[in-house]
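>>> Sequence plus the predicted model coming up.
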Amino acid sequence: MSRRRHFGPSSEIQKLVKILPTYLDMSGFLDEKVRTDWSTIEAYWDKMGNPFDVQYVEGIAQQIIGSLDCGPFVPAYAEYLSDGL
């Protein structure tokens, strides 16, 4: 089955771009400073020496270096992941 890649953000993603940052701010989620202590979670014990499995991917939206506005990039990346790597 052939699946056609759709390159523009869907209307649902566009709505999330506007709603999600507002919700996170209003709920106080962004103010919480609690850090996860990964060493206490058994599922991560074998990953402590090498915590990140980095994969370089081409052809996705990228943020300008130094820009702090990642609003449209998070849902675009989520959509990319939902389409399958």
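Right, received. Where do you want to start?

>>> now residue 78, what's its secondary structure?
Of the three states, residue 78 takes helix under DSSP: H, G, I helix; E, B strand; the rest coil.

>>> so what's it up against?
When contacts are counted by Cβ atoms under 8 Å, 6 or more residues apart in numbering, residue 78 is found next to residue 13. C-beta coordinates here come from the backbone N, C-alpha and C atoms, glycine included.

>>> And the strands in this structure?
Using DSSP state E, no strands are assigned anywhere in the chain.

>>> just for it, where's the confidence low?
Applying pLDDT under 70 to the chain flags the ranges 1-9, 51, 84-85.

>>> Apply 50 and report the result again.
1-2 (pLDDT under 50).

>>> Give me the most central residue, it.
residue 74 (4.4 Å; Cα atoms, centre = their mean).

>>> leaving aside the residues next to it on the chain, what's closest to that residue?
residue 20 (7.6 Å; Cβ to Cβ, 6 or more residues apart in numbering).

>>> number of nearby residues for the one you found?
The number of residues packed near residue 20 is 14, by other Cβ atoms under 10 Å.

>>> so it touches residue 30, yeah?
No: the criterion here is Cβ atoms under 8 Å, and residue 20 misses it with residue 30 at 11.1 Å.

>>> who touches residue 63 in this structure?
Here residue 63 is in contact with 69-70, 73 (Cβ under 8 Å, 6+ apart).

>>> With distance to residue 48 as new columns, can these be given to me in a markdown table?
Listed next are the contacts of residue 63 as a markdown table, based on distance: Cβ to Cβ, whole Å:
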| residue | distance to residue 48 |
| --- | --- |
| 69 | 32 |
| 70 | 27 |
| 73 | 28 |
